[in-house]
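J.: Next one to model:
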Amino acid sequence: MINKNNNKYGSSNNSIDEEIQKLIGPIRITREALEKGKLIAKRTCDIAKKFNLGTLEIYLYNLNPIDKQEKGDYAIRDLYIAHEQTVSAINCEVGAQGQIMSRDIAYQEHNMYTIGWSHSHGDLGVFVSGTDDNNTKNVVKFLGIASGIDLLEECGSINYENMENKITFLDGSQYFISAETSKDKELVEGLFETILKSNPLTIHTKKKKFFNWTPSFVFNSKGDFHPFMAYYLDRNMMLVDGCSYEILEENNGICLDPQVIDEEIITRVRELNFIKNKKTPETKKTQSKLYNLFFKKAEEFDKNHDKLKEYIKNKQNSNRTSKREWKKESGLSKNIQESVVEMGDLLDHCENELGTNISDDELAKIKQVYLARQQQIKEAQPLIEQRIDSLCNEANSRNYVKNHGLIDMYESILKNSLGGDIDA
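T.: Numbers count the residues shown, from 1 in each chain. Alright, predicted model coming up:
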């Protein structure tokens, strides 16, 4: 069965769209794969609602057997629920680990090529949303079916310039017109003025262009579906929304068992992982005030540390500090000095409050972060010491008393950060 609906979305060249669609033909999907997509969308929402999570989307990979793919028989013959995916009511994403795992299992264990992605929209309508663009772009670039097409391409045009009697092509090359007599020259100029200026001559040629393309479907829990395709050509992705599709009446024995599909959904969707452990959804634990305050100081330290490190690097070849630069450097170093002292004080306070106002896990994380910041200062120590020497030389040569304040702050940073070890 072939259905036609050619609405273009985000396309910059309708003629290329038409050429590519003509080459690819309608998107092909087996009826059992189509039914599986509807079933997965429905089961995902049913499970989410059972645990009061509303409705959720789900991310699927389109699969085609290796032997079919290598013969050029392109069709979606199975759908695979992606591993390690993060979903919500309006979005679904798969991280790098989940992408690699899903594709490897599909290829090595199921002898299937991954040829794009499909997804669900929960209880919402089926359409290509703006948030689907990034997923589609990544998939079509790296998992698209590679194809080639002969396209009629404009390679140059002739522009006549009366004063110089020359032909200029789009690539910048120029050809001059020569005329042996003034009569010939007059004739040439007349022809160019009459023909080229009123109807410029454009030169076209056929050129082989290679592109990637992927078929996709959007499903929802109500049993609706919507096809679209994307192609990647000349570093641009184009979506053809609601394109033609064909349903193949094949039986490849793919899994349509609701219990198996439920287990795959629960295992592979992070927001539903709690079900396999037979636990209720975890509510986010409220961290202690000390814990939150420490991490706020650590964040301030990171922001100022990166800026100061970059500043010192830029000052390595300079032996003079302007008033504006001194003010900036003084402010950054003072902020770091205060953050280092306050983080150390908070760490001591947390150790004293262990078991009452702070938990073991929180203290362990605080120590880990503090040690990491100590290491950052240790790595920057040669740079800081070099800056101290530079400030000393500048102070001695120009009698800059104000530099001693900066030197004191740098020495305080090193002393407070490296002066004592803690038990990790």
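
J.: Show me the shaky parts of the stretch 151-300 of the chain.
T.: For the stretch 151-300 of the chain, residues meeting the criterion pLDDT under 70 lie at 151-209, 277-287.

J.: Now with 50, please.
T.: The stretch 151-300 of the chain contains residues with pLDDT under 50 at 152, 154-164, 169-175, 177, 179, 195, 198-199, 203-205, 280-285.

J.: do the stretch 1-150 of the chain as well
T.: For the stretch 1-150 of the chain, the stretches with pLDDT under 50 are 1-12.

J.: Do a quick rundown of the helices in it.
T.: 14-24, 31-50, 66-70, 96-108, 132-143 (DSSP state H, counting those that start in this stretch).

J.: So what's the gap between the helix or strand harbouring Lys415 and the chain middle?
T.: Using DSSP states H and E, Lys415 falls within helix 402-418. With CA atoms, centre = their mean, to the nearest Å as the basis, helix 402-418 stands 41 Å off its chain's centre.

J.: Which positions within that helix qualify as buried?
T.: Asn403, Leu406, Ile407, Met409, Tyr410, Ser412, Ile413, Leu414, Asn416, Ser417 (16 or more other CB atoms under 10 Å). Every residue, glycine included, has its C-beta placed from N, CA and C.

J.: Export the residues you listed as a markdown table, with columns for pLDDT and distance to Ile145.
T.: Output for the buried residues of helix 402-418, formatted as a markdown table (pLDDT from 0 to 100; distance: CB to CB, whole Å):
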| residue | pLDDT | distance to Ile145 |
| --- | --- | --- |
| Asn403 | 65 | 65 |
| Leu406 | 73 | 61 |
| Ile407 | 77 | 64 |
| Met409 | 74 | 61 |
| Tyr410 | 77 | 59 |
| Ser412 | 77 | 62 |
| Ile413 | 78 | 57 |
| Leu414 | 78 | 59 |
| Asn416 | 72 | 60 |
| Ser417 | 68 | 55 |
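
J.: Please identify which of these is nearest to Glu57.
T.: Proximity of those to Glu57 (CB to CB) peaks at Ser417, which lies at 46.3 Å.

J.: So the protein: which segments form each domain?
T.: Listed domain ranges for the chain are 2-147+210-275, 159-200, 289-418 (source: automatic domain parsing).

J.: Looking at those, which one is packed in the most?
T.: With neighbours taken as mean count of other CB atoms under 10 Å, the domains of the chain reach their highest mean count in domain 2-147+210-275, at a mean of 18.

J.: Please enumerate residues in contact with stretch 33-43?
T.: Contacting residues not belonging to stretch 33-43 are listed as 58, 60, 76-79, 81, 118, 120-122, 217, 219-223, 225, 247, 254-256, 258, 261-262, 265 [CB atoms under 8 Å, 6 or more residues apart in numbering].

J.: Would you mind pulling up the elements that the lengthiest helix in the chain packs against?
T.: Longest helix in the chain by number of residues (criterion: DSSP state H): helix 360-398. Contact partners of helix 360-398 among helices and strands, from 3 or more CB pairs under 8 Å, 6 or more residues apart in numbering; DSSP states H and E: helix 289-314, helix 323-352, helix 402-418.

J.: between those helices, which one is nearest to Gln376?
T.: Nearest of those to Gln376, taken as CB to CB: helix 289-314 at 6.2 Å.

J.: The closest one to helix 323-352, inter-axis angle?
T.: Calculated by axes from the mean of the first three to the mean of the last three CA atoms, to 10 degrees, helix 289-314 forms an angle of 150 degrees with helix 323-352.

J.: Now do helix 289-314: distance to the chain's middle.
T.: Offset of helix 289-314 from its chain centre (CA atoms, centre = their mean): 27 Å.

J.: now do stretch 120-131
T.: Mean-position distance between stretch 120-131 and its chain equals 20 Å (CA atoms, centre = their mean).

J.: who touches that stretch?
T.: Contacts for stretch 120-131 (CB under 8 Å, 6+ apart): 9, 37, 40-41, 44-45, 54-58, 60, 89-92, 218-222, 224-226, 228, 239, 241.

J.: how long is that stretch from one end to the other?
T.: With CA to CA, to the nearest Å as the measure, stretch 120-131 spans 13 Å from end to end.
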